[in-house]
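J.: Structure, please.
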Amino acid sequence: MHDRAPDGYPFLKGHGTHNDFVLLPDHDGTVHGDLADERVRALCDRRGGIGGDGVLRVVRRAGSEGGRWFMDYRNADGSVAEMCGNGIRVFARHLVDEGLVEAGRPLDIDTRAGTKRVVVLDGPGEHGRVQVDMGPPRLLGATTVGVDERTWSATHVDMGNPHAVAFVDDLADAGALTSAPTHDAATYPRGVNVEFVVRRGPAHLAMRVHERGSGETQACGTGACAVAVAATEVLGLERDVDLAIEQPGGTVTIRWTAEGRVLMTGPAVVVARGTTTL
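T.: Next up, the predicted model:
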């Protein structure tokens, strides 16, 4: 199916801890086809477009039981991504705000990384918390990342998308992050999200992230999950404890449960809506 939105199609703008997205409501799948890379880049352009770290197409999955919602997510450069933790919170917030689902009730949302169970904890129009069961992580061993002439050992964590988590002495060690950190191309043939992390307290971590396809962002939901998992393994933190993961755009809470699932809780808000011919 080709990119086929007519002129003047609707959009919304939202963010989760300042990781921001353009949302394209396509609830019955008739407005948009396969999003062209060029249109995604135009929408995400912060000077010539609406601006965002990615695009979320909100659509029901054809043939799914009950017509479940599907998050069709694209990075700012147009590339397809498996999962977006902040994005799925904004996606669910939109559904509650539009009266399409109820706050407080579990909601299954399909993604390219499988089905995620989401609960919007506050009602329509509120800016409060959304909790996502991100499922079990996969710890895939050690790897290496680098910036300029410096390299660090990192932990390979798969949260439905790939992450390399490096613990550093100071977040400034990562430099400007204007280009992707070096990484093992054999391990990550499609690129990797790289997190640089410092410990602030017993259950408090701070991070910066370079997201593949988007560059440094203000926050990364799957990255915060990966950081919590890596910290539990590398730093010996306890399981089933709420960890505060501080990012430039805000803080989310991550709990790696005793049953092996990762729960992410954080804010999500829709800030604008309109139409565009981009």
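
J.: tell me the phi and psi of residue 228?
T.: phi -60, psi -40 (degrees, to the nearest 10).

J.: per-residue confidence for it?
T.: If you check residue 228, the pLDDT there is 98.

J.: For the nearest residue to it once chain neighbours are set aside, give me its contacts.
T.: In this structure, residue 228 finds its nearest non-sequential neighbour in residue 254, 3.8 Å apart by Cβ to Cβ, 6 or more residues apart in numbering. To be clear about C-beta, it is placed using only N, CA and C from the backbone, and glycine gets the same treatment. For residue 254, the contacting residues are 224-225, 227-228, 242-243, 245, 262-265, by Cβ atoms under 8 Å, 6 or more residues apart in numbering.

J.: cool, and residue 109?
T.: Counted by Cβ under 8 Å, 6+ apart, residue 109 has contacts 68-71, 88, 91-92, 115-118.

J.: Over to residue 71?
T.: 56-58, 84, 87-88, 91, 109-111.

J.: swap in residue 11?
T.: Taking Cβ under 8 Å, 6+ apart, we find residue 11 in contact with 22-25, 43, 50, 273-276.

J.: at 6 Å what do you get?
T.: 22, 24, 276 (Cβ atoms under 6 Å, 6 or more residues apart in numbering).

J.: was I right about the second one contacting residue 57?
T.: Okay, so that is residue 24. Yes. With contact defined as Cβ atoms under 6 Å, residue 24 reaches residue 57; the gap is 4.7 Å.

J.: Now for these two: what residues contact both?
T.: residue 32.

J.: where are the low-confidence patches of the stretch 51-200 of the chain?
T.: 62-66, 123, 125-127 (pLDDT under 70).

J.: As a check, name the ranges of all strands in it.
T.: Under the criterion DSSP state E, counting those that start in this stretch, the stretch 51-200 of the chain contains strands at 54-60, 69-75, 107-111, 114-120, 129-133, 138-147, 150-158, 162-167, 193-201.

J.: just those: most buried one?
T.: Of the strands of the stretch 51-200 of the chain, the one with the most neighbours on average (mean count of other Cβ atoms under 10 Å) is strand 162-167, at a mean of 26.

J.: Pairing partners for that strand, with directions?
T.: Using DSSP bridges, the strands paired with strand 162-167 are strand 150-158 (antiparallel), strand 193-201 (parallel).

J.: Report the central residue of the protein.
T.: residue 84 (2.7 Å; Cα atoms, centre = their mean).

J.: wait, it sits on residue 73?
T.: Yes. Counting by Cβ under 6 Å, residue 84 touches residue 73, with 4.9 Å between them.

J.: Pop the domain breakdown of the chain in here.
T.: As assigned by automatic domain parsing, the chain contains the domains 9-135+267-276, 138-258.

J.: so which of these gets nearest residue 3?
T.: domain 9-135+267-276 (3.9 Å; Cβ to Cβ).

J.: ok, of the contacts of residue 109, which one's closest to residue 170?
T.: For the contacts of residue 109, the nearest to residue 170 is residue 88 (31.1 Å; Cβ to Cβ).

J.: Apart from its neighbours in sequence, what residue is nearest residue 238?
T.: Nearest non-adjacent residue to residue 238 (Cβ to Cβ, 6+ apart): residue 232, at 7.5 Å.

J.: which SS state does that neighbour fall under?
T.: When classified by DSSP: H, G, I helix; E, B strand; the rest coil, residue 232 comes out as helix.

J.: Thank you kindly, that will do.
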